[in-house]
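Asks: using only what follows, build the 3D model:
(chains A, B and C)
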Amino acid sequence: MRRRQGAVEPLVFHTFNTVFMIMLVIVTLYPFLNTIVVSFNAGNDTIRGGLYLWPRQFTLQNYKAVFASGTIYDAFLISVARTVLSTILNIFLTTMLAYAISRREYIFRKPITAIFVLTMYFNAGLIPGYFLMKDLHLLNNFLVYVLPSMISAFNLIVIRTYIGTISESLVESARIDGAGDFKIFWRLIFPLCKPVLATIALFVAVGAWNSWFDAFLYTSSRQELSTLQYELMKLLSSSMNANSNPAVANGVGMEHMTQVTPISIRAAITIVASVPILMVYPFMQKYFVVGLNVGSVKE
Amino acid sequence: MEEIVTEARPLKPPVKRQRRRWSWNTVKEQRQLIYMSVPLLAYIILFAYVPVWGWTMAFQDYKPARSFGEQTWVGFKHFQFLFTDDNFMRVLRNTLAMSIINLVLGFATAIILALLLNEIKKTFWKRTVQTISYLPHFLSWIIVTGIVATSLASDGIINDLLMKLNLIDKPIIWLSEGKYFWGVVGASHVWKEVGWNTIIYLAAMSSIDPALYEAADIDGANRYHKMWSITLPGIRPTIVILLIMSIGHILEAGFEVQYLLGNGLIVDWSETIDIFVLKYGIAQGNYSLATAGGIFKTFVSITMLLLANWTAKRLGEERLL
Amino acid sequence: MGDRKRVLLRFGAVLLLALSVTVAGCSGGNTKGTDAGTTNNAGGSEVGPEQPFEISVFLGEAGQQPTADNKIYKKIKDELGVTFKFEFLAGDKNQKLGVMIAGADYPDMITADTKLTAAGAVIPLEDIIEQHAPNLKKHFEKYWNQMKDPNDGHIYYLPNYGAYNSEVSDTYYSGPAFWIQKAVLKEFNYPTPKTLDEYFELIAKYKEKYPTIDGQPTIGFEILNYDWKNWGLLNPPQHLIGHPNDGGVVVNDGVGEIFADKDYAKDYYQKLNEVNAQGLLDKEAFTQNYDQYMAKLSSGAVLGMFDQHWNFGSAVDSLKTQDKLERTYVGLPLVYDLSTKDYYRDRPSLNLNNGFGITVNAKDPVKIIKVLDKLIEEDWQKLLTWGVEGEDYQVNEEGRFIKTQEQRDNASDATWKLANKADAYYGTAPKIEGYFSDGNATAASNQPEEYQASLKPFDKEVLDAYGFNSYVDFFSPPPENPIYYPAWSVDLVEGSPAKIANTKLNELSTKYLPKAILATTTEFEATWKEYVSEIQKLDIKAYEDRINEVLKWRIDNWTVK
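Replies: Next up, the predicted model:
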């Protein structure tokens, strides 16, 4: 009985699973593919709609418009710097704190957890936040990209939960060997957390890479501190403005032939902004498939 | 073998060290933990809690040009505006409905997808599917809603498909009917975020001890047994914790999707609290109303969070706090 | 023991830090400038290359940083010693201005906003203009009273558009109208529909004859009602009774009232209801977004719509590149009945609450005003609008400015402009509009030669059939603007009952009008009644009172005595 099931069942399951995954791939690949197509298609042709999987009027114009502004190269470097720095700081500090609050004997465990968790559910607002940055002399300062977001409560809890699944006896035996908490954290827990840290690193890196609001609010008067996302955002807004502002549109007059429309600029920007960060994921993947394979190899 | 099986049940780690009473000796003993955590506590208090003085704005007619002493205090005026507006109950209903739909759909789809991905044996194929499925996360809502709107148009792919399957005989104008809107929003969220949301579960699955699967194989357990009694329990703490955290965000149904897909015909179903507060708060330069809206949401959030946490405790599940 | 002390010390330090920040935060807004009036006589050295001067500018509008070697800014720097440091807005203006005002972090020059005036962020300009800026004084002479702030009578901003030095003969109309495809007019031998009924009759006839266009089902009439772009739905009634665009009100004898709930508005929507029953209205009109609307227009399948031309300019561009000139549009000033004179086209009015102001943080406001005064001289203006002679335009034997096709193409190339135009400055700066003293138009688009050069043979055919010079001739010449015109520029004051009533009225209209139009003929009546009764629940009086208060103030103060 069991034997027959063993022979037919996996086949049925795998067929179903493969078909399902192929459908998933089609459905989730399409929007991105379509964006790429739009980014390579002439703006005033795209506006007609009906563009799906292949450009009708191929052009590099949209990318030229994106790269025309000389400011985005410096901005790219700033973005990379903030992303790398944020990721390293976040991973180290968050894991350290997560370890501390995962210790059941720790006297401040509960208050510290509660104080961090609550930060997920309120926001002091724009203006008080601005005053804080101003008072800390973080306005027009690179550190404003990094300091305010060194620890996220969400990541903290995710790591804490993960640490909770690591066998307590490992910690106990390390302690018997005379290791202090810091040593246990750094030598034992940190390496064991690799899969979840890869995930968190991805979350942090994507968040830092994609954020533009801090540049908008805190560093907008210093061009040299501008980030890639903010520069692209400016580019997009100005292209929308040129097409939707009566004063601007009138000034240009009757014969303006826009080669580049907001839709096509937006598509090119999306690709330019997301391709660098997309490279990170496959790189991280190798950290969290380990261990999984062993269990499912033998059927 | 036996020993491994019991030990790797991750839910109930042996609790040997009980929480100590607060005494100088304990502090001294735990000084390394204190060094590792208290400076960060100070940090979060400075960056997250200190600015909360700004909540006083909700009780003022806040004018940015004036100093704190010069502001006019108005008591609960802005809360009253919020709660007594004819539309408030409606936007609250919409927010809750869409948020619950997103929560349920989001959790179910991500967990199921993670389980199915976990069953793929070929590493390359598995990584490819994963990588592709999380691509939509990187597209802004304006692009995604653009594609959604095109697909739902009368000559769009959805109507084409339904007509070819003879399920309908004339195109449905999806975005003209309030009754479809919540579903459209829920489906759009799943489409955009399902791949991204699996990442965390896949990471959690990698902490499951392979020996458990081996033991199960020897016992002759089939795939569903293993999923049900090894994989799912293995990621259960993660699921429970994420669920509790999400329940705290019950009033965060977002505003971009609804704003971009909404229209006059279905505004009674599409408008959320965030849109309402945006329209009468920030867009009118009324920071006080925006703050009052924020305080209301925080109040609900924390209540829901504590409730969820308490329930989890009652059920003997992993807890957040 | 040592550990304990250290722990305590740290707690203390944290508490102190937290406390100090709180205190600092509370007093943060305290530093606004109180010396607004006293800076008038400070500074004011001469403008010239020997005294380099940097002006920081915040533009409350999206834009792109000009290139470092931009030729116009380079000239300004070489000849006047002035460099502009621009900051553009990308993101929400309310948020940015909110923190800017709260922190009193202003640049030297800033684009107008009523929030800034209310916050005391900008200085009164009338005295320093009188003393130091003869060109600006002359430029704004006729408009001086209109520029005054209704609240305190000071001039805070220099409007960027609308100060004309002569009457302009428009060749190009970008305002509101009922638009119709040229193909429809051609099909029926170039009639001139004047009333709403005639217009829809033509469309119905054409659609019946051509149920599809290029394989796509013909759409008789299109309405865009997306986000803030809802004038296609809301504005027609005021024009149909022969009034100009006053926003949400119709003004009679200097008194405005809303028209949304009036019977003449009902007539329009009832007509649309019938049109819908005839199958002429796009079924998706009220669910489409802007991109979908544009896609339909650029497919050439839409016969008509009510809109402002600049809003669908890119669709027209697309039609031109597809060589579907007969699918582009002509604007028609429709009215209900022939006894009404059309008033769609209006004379330009001063662009209030726009343009530059000088902030309280500016160290040398006098020098700034001198720079602005210098840049409004004719030679600089020519450089700013037409560009560099010989490079960006030619002057022919008669002294007329003309462009080659390449120069025209450049002027619409955003990338080229970053290096060769000073649009970031020019867009917001006060500018000469109308004609230069040599008779050339101040904008290429108003130069008749440029317009004629842009006409395609098909356009000439259409215009010849009507005996017109340009498409503007479909519209009656605009009468002199009423003194208070336009009412839409009245500042309703954010967060006030007037503004809230206006927001709610907008909400009701975008919600009920589509319902009424799509309803069956019998349901229409009930939906309309519900709509009107919902409107009556609003504080419409606050809205109308605010408008009328300002209109009255304008009548009292704007009259040139």
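
Asks: name the residue of the stretch 1-150 of chain A that lies nearest to chain B.
Replies: Proximity of the stretch 1-150 of chain A to chain B (Cβ to the nearest Cβ) peaks at A:Pro128, 3.0 Å away. Placement of C-beta: from N, CA and C, glycine included.

Asks: would you agree C:Ile483 is in contact with C:Thr559?
Replies: Yes - because the distance of 6.0 Å satisfies Cβ atoms under 8 Å, C:Ile483 is recorded as touching C:Thr559.

Asks: higher neighbour count, these two?
Replies: Per other Cβ atoms under 10 Å in any protein chain shown, whichever of C:Ile483 and C:Thr559 has more neighbours is C:Ile483, with 16 against 9.

Asks: got phi/psi on that one?
Replies: phi -50, psi -40 (degrees, to the nearest 10).

Asks: now do the same contact list for the residue of the stretch 101-250 of chain A found nearest chain C.
Replies: Of all residues in the stretch 101-250 of chain A, the one sitting closest to chain C is A:Ser237 (3.2 Å; Cβ to the nearest Cβ). Contact analysis of A:Ser237 by Cβ atoms under 8 Å, 6 or more residues apart in numbering or on different chains lists C:62, C:88-91.

Asks: report pLDDT for A:Ser237.
Replies: The model reports A:Ser237 with a pLDDT of 83.

Asks: how far away is A:Glu224 from A:Ile78?
Replies: 8 Å (Cβ to Cβ, to the nearest Å).

Asks: quick one: which of these two has more around it?
Replies: A:Ile78 (20 against 11).

Asks: mind listing what C:Asn361 touches?
Replies: Neighbours of C:Asn361 in contact, by Cβ under 8 Å, 6+ apart: C:33, C:104-108.

Asks: before we move on, the earlier item: let me know the closest of the contacts of A:Ser237 to chain A.
Replies: Closest approach between those and chain A, by Cβ to the nearest Cβ: C:Ala62, at 3.2 Å.

Asks: count the neighbours of the closest one for me.
Replies: 22.

Asks: phi, psi for it please.
Replies: The phi/psi pair for C:Ala62 (degrees, to the nearest 10) is phi -70, psi 150.

Asks: so it makes contact with A:Pro262?
Replies: No - counting by Cβ under 8 Å, C:Ala62 stays clear of A:Pro262, with 10.7 Å between them.

Asks: which residues do those two both contact?
Replies: In contact with both C:Ala62 and A:Pro262: A:Met240, using Cβ under 8 Å, 6+ apart.

Asks: quick one: name the residues of the stretch 451-561 of chain C near chain B.
Replies: C:494-495, C:499-500, C:503, C:507, C:510-515, C:518 (Cβ under 8 Å from any Cβ of the partner chain).

Asks: quick check: which helices or strands does the helix or strand hosting the residue of the stretch 1-150 of chain A closest to chain B pack against?
Replies: Using DSSP states H and E, the element containing A:Pro128 is helix A:126-135. Applying 3 or more Cβ pairs under 8 Å, 6 or more residues apart in numbering or on different chains; DSSP states H and E, one finds that helix A:126-135 contacts helix A:213-218, helix C:2-26, helix C:93-103.
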